[in-house]
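Engineer: Any chance you can model this:
(chains A, B, C and D)
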There are 2 protein chains.
Amino acid sequence: MANKVKFERENVVRVASQLFWQKGFHATSTRDLQEAVNMRPGSIYSAFGSKEGLYSESLKDYTVQMKTQIEGFLSSADTLLGGLRAFVENVVIKTKDCSPSAICMLVKANSEFAEKDTNLYELSLDLTAQFEAYLTQLFTQAINNGELGNTLTAVEYARFFQVQFTGLRGYFNRPNVEQFAEPMINQMFMLIKKL
Amino acid sequence: MANKVKFERENVVRVASQLFWQKGFHATSTRDLQEAVNMRPGSIYSAFGSKEGLYSESLKDYTVQMKTQIEGFLSSADTLLGGLRAFVENVVIKTKDCSPSAICMLVKANSEFAEKDTNLYELSLDLTAQFEAYLTQLFTQAINNGELGNTLTAVEYARFFQVQFTGLRGYFNRPNVEQFAEPMINQMFMLIKKL
DNA sequence: TTTGATTTTGAGCGACTGTTCAAGTTAAAA
DNA sequence: TTTTAACTTGAACAGTCGCTCAAAATCAAA
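Structural biologist: Numbers count the residues shown, from 1 in each chain, chains lettered A, B, ... in the order given. Now for the predicted structure:
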């Protein structure tokens, strides 16, 4: 019966995600998106409902991608902290120049949607909370491992990590600071272990 | 000869600054601004040239205000670190509900203007660098005071402060985390002293 | 009081926004 | 091969955007 869709939803979302991540929601026009994903407005709207719908799916995909990336680094690292460290280094240093922004797309979203009662603001809160819960799981493991003491609870470690990571990524969202990245990441993980 | 301006430039910039800080540059329309500052488009454009011009002046004013605030806390504190701590507490805890955003307007700007060759992006870089230089001055004093050791240089302390402060403000830009603010600020200043 | 430089006003311009939908295209089912 | 439901296309809509400028209002100087 009938026709088949001609686009691959995953690819479209990923491309849209990059554009939204780079320019933000408001500064990205639907015509920018049409060109980037090579679809006409009718197709986009029948697939995603609205610009907001596409952004929503893009942001969700972003967090899935981020978790997948972390899982990757964890599985090829000896320790949990080692894996997290490789992830941080990858984000802050190695992919700096090919990434749409040094700043986490979730943080950008949380910063952009200041009006407290919008769908996208609530979505960004939800996904952020989910990510904190995910980090808390990881740090629970690290405590049980003996990689970390228990002067802090797992969720406190997770909060500390988020603050450090967000702060670092914000700091490195500017030119000519590359040489400080490695020492500051060293410092970050030294602090986590010494807490 | 002729007419006098009827608005107070300082007040207009301050009001515009609050609106831009809350909603961001792209999500703030010139009509929003007209209503907020109670001026007709012609007056705004003859005074500030463009939306970008008004934003530019607003962002500059924001950083002046921030430095003024720090100076205030420093002058009524026994130690330099005590003053900085009072400033951080004021921003993260006390003025949380009356501030347009928990996130620093400079950080929001740096996040919003990702396209590297725009005036506003460069302005945000400039002002951020100026602020780091200002913090470096303060930490130089703190080292000379003996409040801090010299395991880190002044500019390294300044970078650490920026990362912590930015990270904290990002973290507290969400509801239901108030109870963690004080312990996390304690942790931040404990770390600065122990570095 | 008159003059005239300066400021304020607001209707409105052209461009752009997110979105719609009738017409055209496609390919599985009959 | 014909039918038909699903998908794609892109012109176009109504609304908003940043901004302009001729006309009205203002007030110090003459």
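Engineer: got a pLDDT number for A:M1?
Structural biologist: You'll see A:M1 listed with a pLDDT of 53.
Engineer: I meant to write A:K4 there.
Structural biologist: 73.
Engineer: and it, how many neighbours does it have?
Structural biologist: 4 (other Cβ atoms under 10 Å in any protein chain shown). Every C-beta, even on glycine, is put in place using the N, C-alpha and C of the backbone.
Engineer: The residue of chain A found nearest DNA strand C: which element?
Structural biologist: Nearest residue of chain A to DNA strand C, counting by Cβ to the nearest atom of the strand: A:G42, 2.9 Å away. Taking DSSP states H and E as the criterion, A:G42 maps to helix A:41-48.
Engineer: elements contacting that helix?
Structural biologist: helix A:30-37, helix A:51-75 (3 or more Cβ pairs under 8 Å, 6 or more residues apart in numbering or on different chains; DSSP states H and E).
Engineer: I'd guessed A:A102 sits against A:N173; true?
Structural biologist: Yes: if you go by Cβ atoms under 8 Å, A:A102 and A:N173 touch, sitting 3.8 Å apart.
Engineer: got the residues of chain A near chain B?
Structural biologist: With Cβ under 8 Å from any Cβ of the partner chain as the criterion, chain A meets chain B at residues A:22-24, A:26-27, A:100-101, A:103, A:107-108, A:110-112, A:114-115, A:125, A:128, A:159-160, A:162-168, A:170-171, A:173-175, A:180, A:184, A:187, A:191.
Engineer: re the thing from before, which pLDDT value goes with the residue of chain A closest to DNA strand C?
Structural biologist: 97.
Engineer: now stretch A:158-168: mean pLDDT?
Structural biologist: Per-residue pLDDT values over stretch A:158-168 give a mean of 98.
Engineer: meant to ask about stretch A:51-67, not that
Structural biologist: 98.
Engineer: Just checking it against DNA strand C, any contact.
Structural biologist: Yes: among the residues of stretch A:51-67, A:51-52 lie within reach of DNA strand C under Cβ under 7 Å from any atom of the strand.
Engineer: ok, that stretch near DNA strand D or not?
Structural biologist: No: using Cβ under 7 Å from any atom of the strand, stretch A:51-67 never reaches DNA strand D; the gap is at least 13.2 Å.
Engineer: How about stretch A:110-129?
Structural biologist: No: judged by Cβ under 7 Å from any atom of the strand, stretch A:110-129 stays clear of DNA strand D, getting no closer than 13.2 Å.
Engineer: pLDDT below threshold where in chain A?
Structural biologist: A:1-2, A:6 (pLDDT under 70).
Engineer: for the helix ranked longest in it, which positions count as buried?
Structural biologist: Using DSSP state H, we find that the single longest helix of chain A is helix A:119-145. Counting neighbours by 16 or more other Cβ atoms under 10 Å in any protein chain shown, one finds that the buried residues in helix A:119-145 are A:120-121, A:123-125, A:127-128, A:131-132, A:135-136, A:138-140, A:142-143.
Engineer: my guess is A:K108 contacts A:G24, does it?
Structural biologist: Yes: the criterion here is Cβ under 8 Å, and A:K108 meets it with A:G24 at 6.4 Å.
Engineer: picking that back up, what's the longest helix of chain A packed up against?
Structural biologist: Using 3+ Cβ pairs under 8 Å, 6+ apart, helix A:119-145 sits against helix A:51-75, helix A:80-89, helix A:105-112, helix A:154-171.
Engineer: What residues does A:S111 make contact with?
Structural biologist: B:24, B:101, B:103, B:107-108, B:111-112, B:170, B:173 (Cβ atoms under 8 Å, 6 or more residues apart in numbering or on different chains).
Engineer: one more time with 6 Å, if that's ok
Structural biologist: B:103, B:108, B:111 (Cβ atoms under 6 Å, 6 or more residues apart in numbering or on different chains).
Engineer: Distance check, the last one against A:W21.
Structural biologist: With distances defined as Cβ to Cβ, to the nearest Å, the gap from B:S111 to A:W21 amounts to 11 Å.
Engineer: Also the first one?
Structural biologist: The gap separating B:I103 from A:W21 is 17 Å, by Cβ to Cβ.
Engineer: what does the second one give?
Structural biologist: Plainly put, B:K108 is 16 Å away from A:W21 if you go by Cβ to Cβ.
Engineer: Neighbour count: these two, which is higher?
Structural biologist: The neighbour count for B:K108 versus A:W21, taken as other Cβ under 10 Å, is higher for B:K108 (25 against 22).
Engineer: Grab the nearest non-local neighbour of that one.
Structural biologist: Residue nearest to B:K108 in three dimensions, not counting chain neighbours: A:S111, with 5.4 Å by Cβ to Cβ, 6 or more residues apart in numbering or on different chains.
Engineer: ditto for A:L191
Structural biologist: Nearest one to A:L191, counting by Cβ to Cβ, 6+ apart, is B:L191 at 6.3 Å.
Engineer: any idea which helix or strand carries that neighbour?
Structural biologist: With DSSP H and E as the test, B:L191 turns up in helix B:181-194.
Engineer: who does that helix touch, helix- and strand-wise?
Structural biologist: The contact analysis (3 or more Cβ pairs under 6 Å, 6 or more residues apart in numbering or on different chains; DSSP states H and E) places helix B:181-194 against helix B:80-89.
Engineer: touching chain A at all, the helix it packs on?
Structural biologist: No: shown here: helix B:80-89 not in contact with chain A (Cβ under 6 Å from any Cβ of the partner chain), separated by at least 12.7 Å.
Engineer: Alpha carbons of that helix, in PDB - could you do that?
Structural biologist: What follows is helix B:80-89, C-alpha atoms only, in PDB (Å, rounded to 0.1, in the frame of the first residue of the first chain):
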ATOM      1  CA  LEU B  80      39.400  39.000  49.900                       C
ATOM      2  CA  LEU B  81      38.200  35.500  49.700                       C
ATOM      3  CA  GLY B  82      35.400  36.300  52.200                       C
ATOM      4  CA  GLY B  83      34.300  39.100  49.900                       C
ATOM      5  CA  LEU B  84      34.300  36.800  46.900                       C
ATOM      6  CA  ARG B  85      32.400  34.200  48.800                       C
ATOM      7  CA  ALA B  86      29.800  36.700  49.900                       C
ATOM      8  CA  PHE B  87      29.400  37.700  46.200                       C
ATOM      9  CA  VAL B  88      29.000  34.100  45.100                       C
ATOM     10  CA  GLU B  89      26.400  33.500  47.800                       C
END
